[in-house]
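Trainee: predicted coordinates and the sequence they were generated for:
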Amino acid sequence: MNCEAPVPSRDAARYRRWIRRRRSHYPIQYLLGEWGFWQDSFLVGPGVLVPRPETELLVETAVEKLATRNGERLNILELGVGSGALILSLLREFSNSRGFGMDRERQAIDWAARNAVRLEMKERVSLWRGDLAEGVALRRAFDLVVFNPPYLTSDELRKVQREVRFEPREALDGGPDGMRFYLASVADLQYVTRPDGWLMMEVSPLRADKVCRVFTRSGWQDVEVRRDLAGRKRIVCGRKGSMEAPRG
């Protein structure tokens, strides 16, 4: 826009540093320090996954499934909160609701907290460090639980783009078959979900059908797969019935 003006030396030096880092495949989202997701821009950097457009389908699905309850005071839980992009976007849509975000990594909690302050949602979201077992032990009743778990197999993780290797491995590695976190969480999350509440999870398109079977065996009702804009199976969701599924 002002191409005739000389570039200040400080800006030129910074630009050269960025170019050197980008040549090493360092994620451009980390270089910029923020990235867009849903209706907002979120601070991101080392220690959290870059928000991806396919994850926006979780927000779309939640808005559709809970459309008749928009305006109610819902309790929404996100496991593996990362940058907070998902839970804060859901709170943007469900304006009277309360959010809860959990992550095992302190660095992720710090990023989510910064974004909550930036978007003026600090008073509407509670963040804590812990794992799935601790979350289930809370016995809090949630109307919606969302989870984008690590779902790459160990073999797939070795073949990802070089940019992805800068993102936290613990947020990507789903174990030898990519199913570790689905097998560990789908049944137990019945016990923190209210009757008629929903569980929604992002999945690998290669394992969506397997995840559906895990949902069904665990007692979730109205189990459904949603496809992303590329036509790939991307989201599995299920509703809790009026009776809790038996453990085991």
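Mentor: Sure, I can see it.

Trainee: surely residue 143 and residue 66 touch.
Mentor: Yes - here residue 143 reaches residue 66: they are 7.3 Å apart, a contact under C-beta atoms under 8 Å. C-beta: built from backbone N, CA, C; applies to glycine.

Trainee: name the residues that touch the longest strand anywhere in the chain?
Mentor: When secondary structure is assigned using DSSP state E, the longest strand within the chain turns out to be strand 193-202. With contacts defined as C-beta atoms under 8 Å, 6 or more residues apart in numbering, strand 193-202 is touched by 54-55, 57-58, 61-62, 65-66, 75, 141-149, 151, 182, 186, 189, 211, 215, 220, 234-242.

Trainee: ok, residue 89 - contacts?
Mentor: 37-40, 56, 59.

Trainee: closest to residue 50 among those residues?
Mentor: The closest of those to residue 50 turns out to be residue 37 (C-beta to C-beta; 9.2 Å).

Trainee: output the lowest mean pLDDT helix or strand found in this structure.
Mentor: Here the helix or strand of the chain ranked lowest by mean pLDDT, DSSP states H and E is helix 132-137, holding a mean of 62.

Trainee: show me what the next helix or strand after the longest strand of the chain is packed up against.
Mentor: Past strand 193-202, heading to the C-terminal end, the next element that is a helix or strand (DSSP states H and E) is helix 208-217. Other elements packing on helix 208-217 under the criterion 3 or more C-beta pairs under 8 Å, 6 or more residues apart in numbering; DSSP states H and E are helix 180-185, strand 221-227, strand 233-239.

Trainee: for the second one, what is the distance to the chain centroid?
Mentor: It refers to strand 221-227. Between the mean C-alpha location of strand 221-227 and the chain-wide mean there is a distance of 18 Å, by C-alpha atoms, centre = their mean, to the nearest Å.

Trainee: and the angle from that strand to strand 193-202?
Mentor: Calculated by axes from the mean of the first three to the mean of the last three C-alpha atoms, to 10 degrees, strand 221-227 forms an angle of 20 degrees with strand 193-202.

Trainee: how about the contacts of residue 89 in a markdown table, adding distance to residue 170, secondary structure and pLDDT?
Mentor: Converted to a markdown table, the contacts of residue 89 look like this (distance: C-beta to C-beta, whole Å; DSSP: H, G, I helix; E, B strand; the rest coil; pLDDT from 0 to 100):
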| residue | distance to residue 170 | secondary structure | pLDDT |
| --- | --- | --- | --- |
| 37 | 21 | strand | 97 |
| 38 | 24 | coil | 96 |
| 39 | 28 | coil | 94 |
| 40 | 25 | strand | 96 |
| 56 | 23 | helix | 97 |
| 59 | 24 | helix | 97 |
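
Trainee: which of those residues has the most neighbours?
Mentor: Going through these with other C-beta atoms under 10 Å as the criterion, the one with the most neighbours is residue 37, at 23 neighbours.

Trainee: in this protein, where is pLDDT below threshold?
Mentor: Counting by pLDDT under 70, the low-confidence segments of the chain come to 132-139, 243-248.

Trainee: report all helices and strands that the longest helix along it contacts.
Mentor: Taking DSSP state H as the criterion, the chain has its longest helix at helix 9-23. Under the contact criterion of 3+ C-beta pairs under 8 Å, 6+ apart, the helices and strands touching helix 9-23 comprise helix 28-32.

Trainee: what is the helix it packs on packed up against?
Mentor: Looks like helix 28-32 contacts helix 9-23 (3+ C-beta pairs under 8 Å, 6+ apart).

Trainee: which ones are touching the residue nearest the centre of the chain?
Mentor: With distances taken as C-alpha atoms, centre = their mean, the chain has residue 148 as the residue nearest its mean C-alpha position (4.4 Å). Contacts of residue 148 were listed using C-beta under 8 Å, 6+ apart, and they are 55, 58, 80, 82, 86, 201-202.

Trainee: right, I'll leave it there.
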